[in-house]
Structure formats: structure tokens, C-alpha cells
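A.B. asks: sequence? don't have it. structure:
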């Protein structure tokens, strides 16, 4: 498997690991999102322990308004965080 294929598999398994905890297995609830941020991105998202920040992030990610983050919305988070942390995306 190539490095990119491995990275894609890790993204899928990470999403599934946290989405399986409660309710819908295909989405992250607010609690699941908070847990994922605390465990998987601790140094990047120190504010994740603040519920208001999690609420803001959830609202920003939840494009379809169902109060859950689906895999497509999760990928947007990962892409945005990657750009922000590595300064590779053009500034608007």
C-alpha cells in the first residue's frame, strides 16, 4: 500500500473508531467529536476541552445541520487543520 493509501485507511479507521461509541455509527456526535479532538489532536486543539469551542467547531463542520459530523464533514476538518498547521493553503 502506498503512503497516501495508508493515510486514507488511517483516516477511515480513526473516524470509525470514534463514530462507533454512541448512536449513529456513520457520524460523530458532539461528544464523540470532542473525545476524538482531545485524543487525536491534543497539541493542535488545546481548546477542545472547552465545550463552547467544541460547540462552535461542531456548528462550523455540520454543513447539513443534523447536529452530527459525517465522514465528508470530518474530511473537511482534517484538510482545514492540515492547511492551517502547515501553511500550505493560500490565504484569502
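C.D. replies: Received the coordinates, thanks. From a predicted model like this one, the values you see are computed outputs, not experimental measurements. Numbers count the residues shown, from 1 in each chain.
A.B. asks: centroid residue for the protein?
C.D. replies: By Cα atoms, centre = their mean, the chain has its centre lying nearest to residue 74, at 4.3 Å.
A.B. asks: show me what contacts residue 12?
C.D. replies: Neighbour list for residue 12: residue 71 [criterion: Cβ atoms under 8 Å, 6 or more residues apart in numbering]. Using the backbone N, CA and C atoms, a C-beta is placed for each residue, glycine as well.
A.B. asks: tell me which element it falls in.
C.D. replies: Assigned by DSSP states H and E, residue 12 falls within helix 3-19.
A.B. asks: mean confidence for that helix?
C.D. replies: Mean per-residue pLDDT for helix 3-19: 95.
A.B. asks: for it, the distance to its chain's centre please.
C.D. replies: 11 Å (Cα atoms, centre = their mean, to the nearest Å).
A.B. asks: List the buried residues for it?
C.D. replies: Neighbour counts over helix 3-19 (16 or more other Cβ atoms under 10 Å) mark 15, 18-19 as buried.
A.B. asks: of the residues you listed, closest to residue 2?
C.D. replies: For the buried residues of helix 3-19, the closest approach to residue 2 (Cβ to Cβ) belongs to residue 15, at 20.0 Å.
A.B. asks: coming back round to it: which elements pack onto the helix or strand just after the helix holding residue 12?
C.D. replies: Using DSSP H and E, the helix or strand that directly follows helix 3-19 along the chain is strand 27-28. Secondary-structure packing of strand 27-28 (3 or more Cβ pairs under 8 Å, 6 or more residues apart in numbering; DSSP states H and E): helix 3-19, strand 69-70.
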